[in-house]
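**Student:** Need coordinates for the below:
(2 chains)
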Amino acid sequence: QKEVEQDPGPLSVPEGAIVSLNCTYSNSAFQYFMWYRQYSRKGPELLMYTYSSGNKEDGRFTAQVDKSSKYISLFIRDSQPSDSATYLCAMRPNAGNNRKLIWGLGTSLAVNP
Amino acid sequence: GAVVSQHPSWVICKSGTSVKIECRSLDFQATTMFWYRQFPKQSLMLMATSNEGSKATYEQGVEKDKFLINHASLTLSTLTVTSAHPEDSSFYICSASVFIAGKNTEAFFGQGTRLTVV
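**Tutor:** The predicted structure is shown next:
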């Protein structure tokens, strides 16, 4: 079993839809959870960063962490064609010198006009 | 926001030659930089962690003599692929660690370098 599981999709939605992206994980020591967006042939861009459990909102993006279920989500409201990209989750433990991120496979999203 | 600049964005080289990729933090000091490799439709694979002024820490299975990493200053890390072969063709990405909410985290990535070895 991989430490982080993420459905690679592809996911195709119409413009304006609410998109739900998810990752599950097995390591209960994970404390930092991140979502990145990666356009084709570009480096990832940090979208959301959450410590421990709870929700975090930034514009059209909402990140949720449910540590009891070992499940994290990213919601995109009013999705736009420009949101079409691959979304990667990443996480790591709260160990002082351990900054190694564990990555999901990425979910490919297409928002159709 | 902070910017990490990676150069070149793409390179084609002949088998057996060496290629150097640069990663610069343009407006902040990055004490730690990370080098990744990404194959098509795959996630990022960490190759090594680069700390300024010290030797890089390589992940298991990554040949340190083949992938030379130098982090001579707080704003520059380089990855040299020595004696490149076609199987080294991949997308190489660097990232820099910065403080967010009092903790180090990888917030900023370079644009990536597409290496093709022919």
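**Student:** CA only for contacts and neighbour counts going forward, please
**Tutor:** OK.
**Student:** low-scoring stretches of the chain, by residue?
**Tutor:** In the absence of a named chain, chain A is used. Within chain A, the set of residues satisfying pLDDT under 70 comprises A:95-99.
**Student:** Wait, chain B was what I had in mind.
**Tutor:** Within chain B, the set of residues satisfying pLDDT under 70 comprises B:1-2, B:99-105.
**Student:** Name the residues of chain A found near chain B, please.
**Tutor:** Of all the residues in chain A, those in contact range of chain B (C-alpha under 8 Å from any C-alpha of the partner chain) are A:Arg41, A:Lys42, A:Gly43, A:Pro44, A:Glu45, A:Leu46, A:Leu88, A:Arg99, A:Trp103, A:Gly104, A:Leu105, A:Gly106.
**Student:** Enumerate the positions of stretch A:21-38 that are buried.
**Tutor:** For stretch A:21-38, the buried set under the neighbour-count rule, 16 or more other C-alpha atoms under 10 Å in any protein chain shown, comprises A:21-25, A:30-38.
**Student:** could you dump those residues to TSV with distance to B:Ala96?
**Tutor:** Rendered in TSV, the data for the buried residues of stretch A:21-38 read as follows (distance: C-alpha to C-alpha, whole Å):
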residue	distance to B:Ala96
A:Leu21	25
A:Asn22	25
A:Cys23	24
A:Thr24	26
A:Tyr25	24
A:Phe30	20
A:Gln31	20
A:Tyr32	16
A:Phe33	17
A:Met34	15
A:Trp35	16
A:Tyr36	14
A:Arg37	16
A:Gln38	16
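**Student:** picking up where we left off before, can you tell me which of the residues of chain A next to chain B are buried?
**Tutor:** Members of the residues of chain A next to chain B that pass the buried threshold by neighbour count (16+ other C-alpha under 10 Å) are listed as A:Lys42, A:Gly43, A:Pro44, A:Glu45, A:Leu46, A:Leu88, A:Arg99, A:Trp103, A:Gly104, A:Leu105, A:Gly106.
**Student:** Return the closest of those residues with respect to B:Glu59.
**Tutor:** When these are ranked by distance to B:Glu59 (C-alpha to C-alpha), A:Arg99 comes first, at 12.8 Å.
**Student:** What segments of the chain are strands?
**Tutor:** Reading this off chain A. For chain A, strands defined by DSSP state E occupy the ranges A:4-5, A:11-14, A:19-25, A:30-38, A:45-51, A:54-58, A:61-66, A:71-76, A:85-93, A:102-103, A:107-112.
**Student:** wait, I meant chain B there
**Tutor:** B:4-7, B:10-13, B:19-25, B:32-38, B:44-51, B:57-58, B:67-73, B:76-81, B:90-100, B:103-109, B:113-117.
**Student:** how about TSV for the ones you listed, with distance to chain A and mean neighbour count added?
**Tutor:** Conversion of the strands of chain B to TSV gives the following (distance: least, C-alpha to the nearest C-alpha, whole Å; neighbours: other C-alpha atoms under 10 Å in any protein chain shown):
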stretch	distance to chain A	mean neighbour count
strand B:4-7	10	21
strand B:10-13	10	14
strand B:19-25	12	21
strand B:32-38	9	22
strand B:44-51	7	23
strand B:57-58	11	16
strand B:67-73	17	19
strand B:76-81	16	22
strand B:90-100	6	22
strand B:103-109	6	20
strand B:113-117	8	21
